[in-house]
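Novice: give me the fold of what follows.
(one chain, ligands or ions: 1)
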Amino acid sequence: MAHQGDALRSWVRSKTDQATREVLNQRLQGARVMAVTSGKGGVGKSSLVLNLALAMAERGQRTVILDADLGLANINIMLGYEPIYTLWDVVEHRVTLKETLQNAPNGVRIIPGGSGITELARLDAVEISHIIEGFQELEGECDWLIIDTSAGISDSVLAFVLAADEALVVTNPEPTALADAYGLIKAVWEQDGRVALKLIMNRSQSREQGTRMGNRLTDLAVKALGQPVEFLGLVAEDPVVARSVIRQVPFFSAYPNSEAAGDIGDIADRLLHRVPPPRRGGWGAFVRRLVENWPRDINRETI
Ligand SMILES: Nc1ncnc2c1ncn2[C@@H]1O[C@H](COP(=O)(O)OP(=O)(O)OP(=O)(O)O)[C@@H](O)[C@H]1O
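Specialist: Prediction:
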């Protein structure tokens, strides 16, 4: 019996050490910037961003979400709060970037983008460097910046994807969503074939269907474009997702044993175990690239 106890303790120790090692390894390489986007609206992108951030935080990753969905910023609604400040208040020197942060479960924090994003094209050099300084300051205490972008193939969506270190493309198995996801992958590839893209298949009816559809899309990207896109995993169609939206509590916290929460945990594990793409100069460089790529003539109709 004593023997069994010793074996268990050393097993737990080895697991803990491995987990700690992974956290430390990630941390040593600097904070990552990952855009999450979708060709079609309503496929579950915001829900994925929020719950994936919680899963990453549960794995020791200090995670910040930039809520940059310009059409309908939904993260705050999913959590049941009204943003007090947005990025625009930082531009206007009313608050610092850290003071805009809203708290979510597991220590995840959220930057409400608001009009601070839509007005990017109008900012002068002093305002831009002020934003850059805010992000650089925050970067030192974080491991991940996960960006919830708008859906579609607009120039503003592409600007986020092209500025980030890596991007997740979310789709569901419907033919229209698959076609739009492919269109987005193609549009990114046409601008910069080096962007590290990963695919998530949300709302799959069965694991077989989700895997088949995911593999088909990533195979097409390689065959037709020569663009490698990694199929990172699927999230099952699960009634707890809608239930948690109504309760305004993320399903990863409210229903930790659900199929969808398990799938999100698996995706977080895969993200952490893969060799990360090279960092591209940190969060300051990300903001600079975003501003450089940002469409000059943006208005609410072209978002
Ligand atoms: N895995 C899932 N199982 C069941 N329902 C889901 C799942 N994922 C998302 N949904 C439902 O789909 C709806 C849309 O989700 P969400 O708002 O996250 O989409 P979105 O892609 O961010 O939309 P948009 O980009 O248009 O803002 C929500 O009502 C949510 O309950």
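Novice: Ala35: what secondary structure?
Specialist: Reducing the assignment at Ala35 to three states with DSSP: H, G, I helix; E, B strand; the rest coil gives strand.
Novice: likewise for Tyr85?
Specialist: Three-state call for Tyr85 (three-state DSSP): coil.
Novice: if I look at the closest residue to it other than its chain neighbours, what pLDDT would I see?
Specialist: Closest residue in space to Tyr85, ignoring its immediate chain neighbours: Thr100 at 4.3 Å, by Cβ to Cβ, 6 or more residues apart in numbering. C-beta coordinates here come from the backbone N, C-alpha and C atoms, glycine included. Reported pLDDT at Thr100 in the predicted model: 96.
Novice: wait, isn't Thr100 in contact with Trp88?
Specialist: No: with the criterion set as Cβ atoms under 8 Å, Thr100 and Trp88 do not qualify as a contacting pair; they are 9.3 Å apart.
Novice: how about the helices in the stretch 201-303 of the chain?
Specialist: Along the stretch 201-303 of the chain, the segments classed as helices by DSSP state H, counting those that start in this stretch run 207-220, 239-247, 251-254, 259-273, 282-293.
Novice: need these in JSON lines (columns: mean pLDDT, mean neighbour count and distance to the ligand).
Specialist: Formatted as JSON lines, the entries for those read as follows, by pLDDT from 0 to 100; neighbours: other Cβ atoms under 10 Å; distance: least, Cβ to the nearest ligand atom, whole Å:
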{"stretch": "helix 207-220", "mean pLDDT": "97", "mean neighbour count": "16", "distance to the ligand": "10"}
{"stretch": "helix 239-247", "mean pLDDT": "96", "mean neighbour count": "16", "distance to the ligand": "4"}
{"stretch": "helix 251-254", "mean pLDDT": "98", "mean neighbour count": "21", "distance to the ligand": "9"}
{"stretch": "helix 259-273", "mean pLDDT": "97", "mean neighbour count": "19", "distance to the ligand": "5"}
{"stretch": "helix 282-293", "mean pLDDT": "93", "mean neighbour count": "19", "distance to the ligand": "19"}
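Novice: closest to Gly41 out of those?
Specialist: Comparison of these against Gly41 by Cβ to Cβ identifies helix 239-247 as nearest, at 15.4 Å.
Novice: need the helices of the stretch 201-303 of the chain in CSV (columns: distance to Ala177).
Specialist: As requested, those are exported to CSV (distance: least, Cβ to Cβ, whole Å):
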stretch, distance to Ala177
helix 207-220, 10
helix 239-247, 16
helix 251-254, 21
helix 259-273, 17
helix 282-293, 25
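Novice: and the most centrally placed residue in the chain, how far from Met34?
Specialist: When the chain is reduced to its mean C-alpha position, the closest residue under Cα atoms, centre = their mean turns out to be Ile146, at 3.7 Å. Ile146 sits 5 Å away from Met34 when distances are taken as Cβ to Cβ, to the nearest Å.
Novice: so where's the stretch 1-150 of the chain shaky on pLDDT?
Specialist: 1-29, 71-73 (pLDDT under 70).
Novice: change it to 50
Specialist: Within the stretch 1-150 of the chain, the ranges that satisfy pLDDT under 50 run 1-2.
Novice: helices and strands around the helix or strand containing the residue nearest to the centre of the chain, which ones?
Specialist: When elements are assigned from DSSP states H and E, Ile146 belongs to strand 144-151. For strand 144-151, the packing partners by 3 or more Cβ pairs under 8 Å, 6 or more residues apart in numbering; DSSP states H and E come out as strand 32-38, helix 45-58, strand 63-67, helix 155-163.
Novice: now the ones you listed as CSV including mean neighbour count and distance to Gly107?
Specialist: Converted to CSV, the helices and strands packed on strand 144-151 look like this (neighbours: other Cβ atoms under 10 Å; distance: least, Cβ to Cβ, whole Å):
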stretch, mean neighbour count, distance to Gly107
strand 32-38, 27, 17
helix 45-58, 26, 5
strand 63-67, 26, 8
helix 155-163, 23, 24
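Novice: with respect to the ligand, which of these lies nearest?
Specialist: With Cβ to the nearest ligand atom, the closest approach to the ligand among the helices and strands packed on strand 144-151 belongs to helix 45-58: 3.3 Å.
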